[in-house]
Each structure stands twice: as C-alpha cells, then as structure tokens.
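Asks: Sharing a model that was predicted from the sequence below.
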Protein chains: 2
Amino acid sequence: MIKVLLAEDQGMMRGALALLLNLETDMEVVAQVPAGDRIVDAALETSPDIALLDIELPGRSGLDAAADLREALPECKVLIVTTFGRPGYLRRAMEAGACGFLVKDGPVEELAAAIRRVLAGERVIDPGLAAAALSAGPNPLTPREQEVLTAAVDGATVADIAGKLHLSQATVRNYLSAAIGKTGTRNRMEAVRAARRNGWL
Amino acid sequence: MIKVLLAEDQGMMRGALALLLNLETDMEVVAQVPAGDRIVDAALETSPDIALLDIELPGRSGLDAAADLREALPECKVLIVTTFGRPGYLRRAMEAGACGFLVKDGPVEELAAAIRRVLAGERVIDPGLAAAALSAGPNPLTPREQEVLTAAVDGATVADIAGKLHLSQATVRNYLSAAIGKTGTRNRMEAVRAARRNGWL
DNA sequence: GGCCGGGCAGGACAAATGTCACGGGTGCGA
DNA sequence: TCGCACCCGTGACATTTGTCCTGCCCGGCC
C-alpha cells in the first residue's frame, strides 16, 4: 500500500484529490495538510512513501518544505504539484531534491501514474517545461535584488522598500534598476511580473 | 438524475470534481468545459440542470457566461465555484442571475450539498462573504476607469494604455488618478491590487 | 598581491507618474 | 429645463521613478 501525504491549501482541491487517490486500490492518503509549515510534522507522524506538495502554500513554500523533508525523512519521495509551470520553480524543485514536477493543468489520470513512476525510481517532468527551464537559464537576480523586487510586488514606493529593508533610497533604486535591466523590462511592475513568471521570486 | 455541467480551466481540478460528482448516485456530469466561450454551446447540447462555473476562465469570464446562460437556457441553474471570494465577484454573480456562490477553500462535501440546495430552490452563499460584499459597497469605478485600470495591470505605461484604448495620454492619467483616489491608494500598482481584491475588474 | 562580483551609498539628470484646475460634450432623470 | 454624472481633452506642476556614474568595503579566487 502506497502511503501518500497531500499538501494543498485549497480545501476543495485537497479533498477531491484525496478522494481520488483513495479510490486507487494500492494507495492511501495518510495525511492532508493545508499549510507549508505543517508538512514535516505530519510526515514524521505518518511516514508516507511520497509527498505531493503544492508550491504556493501559507506558512512555508512547498519548495522549502521539500528541502526540509529531504533532511527529516530522506526515504520519502517528493512530487511537486503546482498550478504554475514556472521554469524557476522547476529548477528550484530539482535542487530541493524533488523527484517529479507536475502542473495541475493536465488530466487527473496523470497524477496516480506519476506517483507510481516516481516510486519506481523514475523522475517525472513535463518535457516542454524542462526545455523552458533550461532555455530560460538560471536566476540572474542576486539575493538582494530578489528581496527588493519581492518587497515591491504590492505597489510599495521606494521609501517603503527602503524602510522595510533598512536601505537607503538610492540603493533601492539601484537594485530596482538592475532588476529591470536583467529582466529586460521597462519598469518595476513589468520586472516583478517577469520575475514571477520565471519563478525567480 | 441531476445533470451537471462543469466549467473549470484547471484540468486536474476539473477531472477530480467530475469524478467526485459522478460518485454521487443521483448526479451525472454531462459536460466538462475548459473555456468560458464554450459554456453556452455545451449547455445547449446537453441541457444540464445546473452549471458549475469558475470565474477566471480563458475566452470568457464565468460571470459573463452565467448571464449568457440565463438567456439561452433559463431553466438551468448557475452555481459559481471560484478560488477568490472577492466581494465584487459575489455581487456581479448575483446580478448575473447565479443561484449560488462557493469558494474552493471549503471542504468538498459542500459542493454536492450546495448543488442539491440550489436545485431545491435555495440560494447558497457564504454568510461571511455576503457581509463583506455588502460592507464593501458597490463598485465605485466607472466603466472607463475599469478599462484603464485593467489595461494597466501588467505594467503598461501611460503611452501603452493610451494607444490601446485610443485615448489621449492626459486622459489616461486623469482616469488613473481618479481610480487611485477612489480606491484610497497611493499609486497605480496599489490601485490595481485593491480593485482586484474587491473584484472590481 | 591583483582582480573580480556583490553589497551599499551618493549625486545628477531625464523621463514617467500623479495631481489639480479647467474646459467641452453627451445623455439621463428630476 | 436644469442638474448631474460620465466621457474626453488640455496645460501646468510637484513628485516619483529609472538611469548612469562615482565611490567605498568586503570576500573569494587566480
């Protein structure tokens, strides 16, 4: 019997997937988690064979949680299941030790199939996405640039960002300018969107 | 037997929900649609008793589709099932003639229950959300202001927006300024976010 | 040691943005 | 008929933003 941990914040999605997986005769959902910071605890308690992790979770990112899980429970495989097939997400997922990367766009049948393939030792990755991840190259933004850009997502002014990060306004504008340059965009907003699309934040 | 139409762009979610509803002994999913502009056609072909519509769909918004459906197939009930419980969405859904409004956060069991309640003639609405919708008041943005703001979502400059909408740059800035004022925000980006949060776009 | 790349900051400048006051036009309801 | 809200535009203005250039400090690497 394959023991599955399911981390997903949308209740309806989580419930539906759990129900679906429990229908498979050889699978059992042993834990359902709605937040990223509860993944490791739940895993230690139920010791699943595989963990299905969403990326954008409250509390802690699924990618970070994947890395934690790798340490705490190395024998547990990780399969990332996410809405957004961002190249940077895929890259980070692989670096965090995930065995597979699935987008929620595909048909449901893919899910159970992917689980079995991962447990058989295969790596499951959308081929088109893999190509995109490679062609997009690695994250060109320095840690500081990422910080400044993430602080700018919700329309914060330079002064706001400078205050939040304890930087001079001039420095903030320099970082923003650098980020705009590296993303090949024309302003803050486009830079934020581009960085997000690539999974660089 | 209750005939259900399911409109949802995420393949995995769509498949899982369809499977789940088909497990109910008195329900049958007669149509699955991944795009908003195919809802009416599918409904006319299969004449469902109820349509479950996501809001953010490619092609045509689920809210617009709900209004279309109301005209084309008045006997078909509409239940909005969405990720985002934005007050403005709820308001617009009701105006479009929806009989219920469900957020995907809740447990799966709610879904079948809501379907049955809607078909029994009830209106299904999250009480907390209803309060938020009323307290938030109606959409203060004029149609033009909405257009300009939507054109600004992805970081377009004033010149871009003016070109796209065939307006003078000065006019665009006036509309943006008005929108910023009405949303009580400090700049474009915040205005866009605030308007989105309220479901005004 | 010298040579980067990264973090941090300042100044100066052009361009974009946000605000305000002011016009004119239309259509709708009192 | 009048007022009012919305649409569209202009011009002027202060502020913000984005760019470029300069400088300093640090740590890693050849």
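Replies: Nice, thanks for sending it over.

Asks: need the contact list for the residue nearest the centre of chain A.
Replies: Centroid check for chain A by Cα atoms, centre = their mean gives A:Ile55 as the closest residue, at 3.1 Å. For A:Ile55, the contacting residues are A:Ser61, A:Gly62, A:Leu63, A:Ile80, A:Thr82, A:Phe84, A:Tyr89, A:Ala93, by Cβ atoms under 8 Å, 6 or more residues apart in numbering or on different chains. Where you see a C-beta, it was placed from the backbone N, CA and C, and this is true even at glycine.

Asks: Could you dump these into CSV with secondary structure and distance to DNA strand C added?
Replies: Formatted as CSV, the contacts of A:Ile55 follow (DSSP: H, G, I helix; E, B strand; the rest coil; distance: Cβ to the nearest atom of the strand, whole Å):
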residue, secondary structure, distance to DNA strand C
A:Ser61, coil, 20
A:Gly62, helix, 25
A:Leu63, helix, 20
A:Ile80, strand, 27
A:Thr82, strand, 27
A:Phe84, coil, 25
A:Tyr89, helix, 21
A:Ala93, helix, 23
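
Asks: Select only the buried ones of those in ChimeraX?
Replies: To isolate the buried ones among those in ChimeraX, judged by 16 or more other Cβ atoms under 10 Å in any protein chain shown, type:
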select /A:61,62,63,80,82,89,93
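
Asks: DNA strand D next: which of the contacts of A:Ile55 are close?
Replies: For DNA strand D, no contacts are drawn from those by Cβ under 7 Å from any atom of the strand.

Asks: Which of the contacts of A:Ile55 sits closest to A:Gln32?
Replies: A:Gly62 (14.3 Å; Cβ to Cβ).

Asks: So for that closest one, what's the pLDDT?
Replies: We note a pLDDT of 95 for A:Gly62 in this prediction.

Asks: again, but for A:Gly128
Replies: For A:Gly128, the pLDDT comes out at 84.

Asks: May I ask which helix or strand encompasses it?
Replies: Using DSSP states H and E, A:Gly128 falls within helix A:127-136.

Asks: Buried ones in that helix, by neighbour count?
Replies: Neighbour-count burial for helix A:127-136 [16+ other Cβ under 10 Å]: A:Leu129, A:Ala130, A:Ala133, A:Ala136.

Asks: Kindly reformat the residues you listed as JSON lines containing distance to A:Glu71.
Replies: Listed next are the buried residues of helix A:127-136 as JSON lines, based on distance: Cβ to Cβ, whole Å:
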{"residue": "A:Leu129", "distance to A:Glu71": "26"}
{"residue": "A:Ala130", "distance to A:Glu71": "26"}
{"residue": "A:Ala133", "distance to A:Glu71": "24"}
{"residue": "A:Ala136", "distance to A:Glu71": "28"}
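
Asks: What is the nearest of the residues you listed to DNA strand C?
Replies: For these, the minimum distance to DNA strand C (Cβ to the nearest atom of the strand) is 17.2 Å, reached by A:Ala136.

Asks: what sits against the closest one?
Replies: A:Pro87, A:Gly88, A:Asn198.

Asks: Relative to the whole chain's centre, how far out is the lowest-mean-pLDDT helix or strand in chain A?
Replies: Using mean pLDDT, DSSP states H and E, the weakest-scoring helix or strand in chain A turns out to be helix A:127-136, at a mean of 83. Centroid separation for helix A:127-136 versus its chain: 16 Å, with Cα atoms, centre = their mean, to the nearest Å.

Asks: Any chance of the contacts of A:Ala136 in TSV with neighbour count, distance to DNA strand C and secondary structure as columns?
Replies: Below are the contacts of A:Ala136 laid out as TSV (neighbours: other Cβ atoms under 10 Å in any protein chain shown; distance: Cβ to the nearest atom of the strand, whole Å; DSSP: H, G, I helix; E, B strand; the rest coil):
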residue	neighbour count	distance to DNA strand C	secondary structure
A:Pro87	22	19	helix
A:Gly88	21	16	helix
A:Asn198	21	17	coil
